[in-house]
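Undergrad: quick one: sequence plus predicted model below, questions after.
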Amino acid sequence: MGVARYILNETSYFGIGSRENLATEVKARGYRKALLVSDKVLESCGVLDKVKKVLDEANIPYDIYVDIKQNPTVKNCKDGLIAFNKAEADFIVAVGGGSVIDTAKAIAITKNNPEFEDIKSLEGVAPTHTKCVPIIALPTTCGTAAEVTINYVITLEDEDRKIVCVDPKDIPLVAIVDAELMLTMPNRTIAATGMDALTHAIEGYITKGAHIISDMFELKAVELIAKHLRGAVANKNLEDMEGMSIAQYIAGMGFSNVGLGIVHSMAHPLGAVYDIPHGVANALLLPTVMEFNMSACLDKYGDIAKAMGVDTTGMSKERAAQAAVDAVKKLAIDVGIPQTLRELNIPKEGLPKLSKDALADVCTGGNPKAVTLEDIEKLYNKVY
């Protein structure tokens, strides 16, 4: 089976109202002042106030930084570091989705490793030497699992591409997964982030680095998403929202430690060049890429079909594998995910650049089936 390494949060909390543990953790660890990192949408809709209330009632001081895009940029990270230094803070509270938590990771790692302040040099597995500033992460979306991963993604605006940074020293110290913080998400965001979590689970299950422990996490995540995503999108009931909050977290426990594949490789440039939300890009690409990878993953696709709720009794391996793809596509359609790049106003002449960037992406190496530039361009054209 070989040697496997798993890096997870030191402490995690789950459940409605679990955000109240934020004050307990801060006091127990002796932290002095926070930089509260979030975005303007969460500030305007009152989600940030729920966390500020916990800090205020415990008399924990903080400054706020909210200038973060949905695909965060180098400037967002550098400005955040300036805000951290100006606040004279000693820890970060990150309240948001992947964009916010990724930015918090970049701020935290560059604070303690200043030679990487250009951000670009963090691409891939950077040789940082010091663990990042402590981060307590409270996710507000049910998809990215950024609160439990060692990865973060930043957009290089001057190059129109995203860099994927992988660093065990950047994982948040504490994760607080409170589904009540997710209730203000628009339905389309629940759909997109939920399908992002499904992509994490499926790619983490079939990636070259998959391991028996990650397999356990990923299959359970698929099962929970199939059970809860439709209800979460339809009516935001707390049972389904909490189910999704846990599903996305355990998917992250797996993929963060074993890797992903070309769905992510192809989604990253769509976000960098055309600012497409990451979850939408993943969800649109996932069924088509699954079909491409099918020959390398027949047995595992049968497991995915069962986790998606398909009765595979009497099916051949090939039929069960196709049933997995069909179930994933139906879920995407049911929750309103666009089905073509044309619907997202992506120009066809942009596909060659997208393909080159996707092939060079750090996630490509984890794909279960070898790919060429021509393969990737054909896949983009297939979903066009």
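TA: Received, thanks. For clarity, every value in this text was computed on a predicted model and none was experimentally measured. Residues are numbered from 1 along each chain as shown.
Undergrad: so the residue of the chain most remote from its centre, which of the three states?
TA: Distance from the centre of the chain peaks at residue 314, with 35.8 Å (Cα atoms, centre = their mean). Residue 314 falls in the coil class when you classify it by DSSP: H, G, I helix; E, B strand; the rest coil.
Undergrad: next SSE downstream of the helix ranked longest in the chain?
TA: Criterion DSSP state H: the longest helix present in the chain is helix 212-235. Where DSSP states H and E defines the elements, the next helix or strand beyond helix 212-235 is helix 238-258.
Undergrad: for that following helix, name the packing helices and strands.
TA: If contacts are counted by 3 or more Cβ pairs under 8 Å, 6 or more residues apart in numbering; DSSP states H and E, helix 238-258 sits against strand 11-14, strand 135-139, strand 174-177, helix 187-206, helix 212-235. All C-beta spots, glycine's among them, are computed from the backbone N, C-alpha and C.
Undergrad: quick one: mean pLDDT for the first one?
TA: Average pLDDT, strand 11-14: 98.
Undergrad: which strands or helices does it pack on?
TA: strand 174-177, helix 238-258.
Undergrad: which sections of this protein are below the confidence cut-off?
TA: 1 (pLDDT under 70).
Undergrad: what segments of it are helices?
TA: Using DSSP H, helices in the chain cover 21-29, 40-44, 47-57, 74-87, 98-112, 187-206, 212-235, 238-258, 262-274, 278-293, 298-307, 317-334, 351-360, 373-382.
Undergrad: want to throw these into a markdown table with mean neighbour count and distance to residue 174?
TA: Conversion of those to a markdown table gives the following (neighbours: other Cβ atoms under 10 Å; distance: least, Cβ to Cβ, whole Å):
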| stretch | mean neighbour count | distance to residue 174 |
| --- | --- | --- |
| helix 21-29 | 17 | 5 |
| helix 40-44 | 17 | 19 |
| helix 47-57 | 17 | 13 |
| helix 74-87 | 19 | 18 |
| helix 98-112 | 27 | 12 |
| helix 187-206 | 27 | 21 |
| helix 212-235 | 21 | 19 |
| helix 238-258 | 24 | 13 |
| helix 262-274 | 26 | 26 |
| helix 278-293 | 25 | 24 |
| helix 298-307 | 21 | 29 |
| helix 317-334 | 19 | 32 |
| helix 351-360 | 18 | 34 |
| helix 373-382 | 17 | 38 |
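Undergrad: out of those, which comes closest to residue 167?
TA: Residue 167 lies closest to helix 98-112 among those, at 6.3 Å (Cβ to Cβ).
Undergrad: restricting to C-alpha, output the closest one in CSV.
TA: This file holds the C-alpha atoms of helix 98-112, laid out as CSV (Å, rounded to 0.1, in the frame of the first residue of the first chain):
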residue,chain,number,x,y,z
GLY,A,98,-12.6,29.2,-1.0
SER,A,99,-11.7,32.7,-2.2
VAL,A,100,-11.6,34.2,1.3
ILE,A,101,-9.9,31.2,2.9
ASP,A,102,-7.3,30.9,0.1
THR,A,103,-6.5,34.6,0.5
ALA,A,104,-6.1,34.1,4.2
LYS,A,105,-3.7,31.3,3.6
ALA,A,106,-1.6,33.4,1.3
ILE,A,107,-1.5,36.3,3.8
ALA,A,108,-0.6,33.9,6.7
ILE,A,109,2.1,32.1,4.9
THR,A,110,3.8,35.2,3.5
LYS,A,111,3.7,36.9,6.8
ASN,A,112,6.0,34.2,8.3
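Undergrad: oh, and call the first residue 35 from now on, that's how I've got it
TA: All right, first residue 35 from here; so that's helix 132-146.
Undergrad: just want the angle from that helix to helix 296-308.
TA: Between the axes of helix 132-146 and helix 296-308, defined by axes from the mean of the first three to the mean of the last three Cα atoms, to 10 degrees, the angle is 90 degrees.
Undergrad: tell me the angle helix 132-146 makes with strand 169-173.
TA: Using the same axes, to 10 degrees, helix 132-146 lies at 180 degrees relative to strand 169-173.
Undergrad: helix 132-146 - contacts with which helices or strands?
TA: strand 68-71, helix 108-121, strand 125-130, strand 169-173, strand 185-190.
Undergrad: residues contacting residue 236?
TA: For residue 236, the contact set (Cβ atoms under 8 Å, 6 or more residues apart in numbering) comprises 252, 256, 320, 324, 338, 362.
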